[in-house]
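Participant: Dropping the sequence and predicted coords here.
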Amino acid sequence: QVQLVESGGGLVQPGESLRLSCLASGLTFSNYDMNWYRQAPGKEREWVARISSAGGSTTYANSMKGRLTISRDNAKNTVYLQMNSLKPEDTAVYYCNAGKVVFGRTYSYWGQGTQVTVSS
């Protein structure tokens, strides 16, 4: 059974930082690209960042580019999202996602999310 468990969310003030973690189990973590998404109240879920399976390639959404660093530790089955200079509009539930495509078949797993609230 695949499980992705996010942690590290919380309430912070504008300009502060948070580091989210996502611990994966039940899959071969190093075979999966990892993504972070977020969903703000009343909005659709949006993609935030991606890191390739070996960690050699990262991509970020323009909305948060320059303020994010995604990283992974394949020995610990964990992906991280460092978020700096947080803004109130970054308030959302943040989800991690594991994905891969093998012979045209998509494998995609989601965590339950962790709440990030940015407010003074």
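Facilitator: Arrived safely, thanks for sending. Bear in mind that the values here come from a model prediction, so they are computed numbers and not experimental data.
Participant: could you list every residue that touches the most centrally placed residue in the chain?
Facilitator: Centroid check for the chain by CA atoms, centre = their mean gives Trp36 as the closest residue, at 2.5 Å. By CB atoms under 8 Å, 6 or more residues apart in numbering, the residues touching Trp36 are 20, 22, 47-50, 70, 79, 81, 94-97. In this view, the C-beta of every residue, glycine as well, is placed from N, C-alpha and C.
Participant: Figure out how far the strand ranked longest in the chain is from the centre of its chain.
Facilitator: Longest strand in the chain by number of residues (criterion: DSSP state E): strand 92-102. Distance, stretch centre to chain centre, for strand 92-102: 7 Å (CA atoms, centre = their mean, to the nearest Å).
Participant: So which bits of it are buried?
Facilitator: Of the residues in strand 92-102, Ala92, Val93, Tyr94, Tyr95, Cys96, Asn97, Ala98, Lys100 count as buried by neighbour count, 16 or more other CB atoms under 10 Å.
Participant: Could you double-check that Leu68 sits in contact with Leu86?
Facilitator: No: at 10.3 Å, Leu68 and Leu86 do not qualify as touching, with contact defined as CB atoms under 8 Å.
Participant: Stretch 63-82 - what's its average pLDDT?
Facilitator: For stretch 63-82, mean pLDDT is 95.
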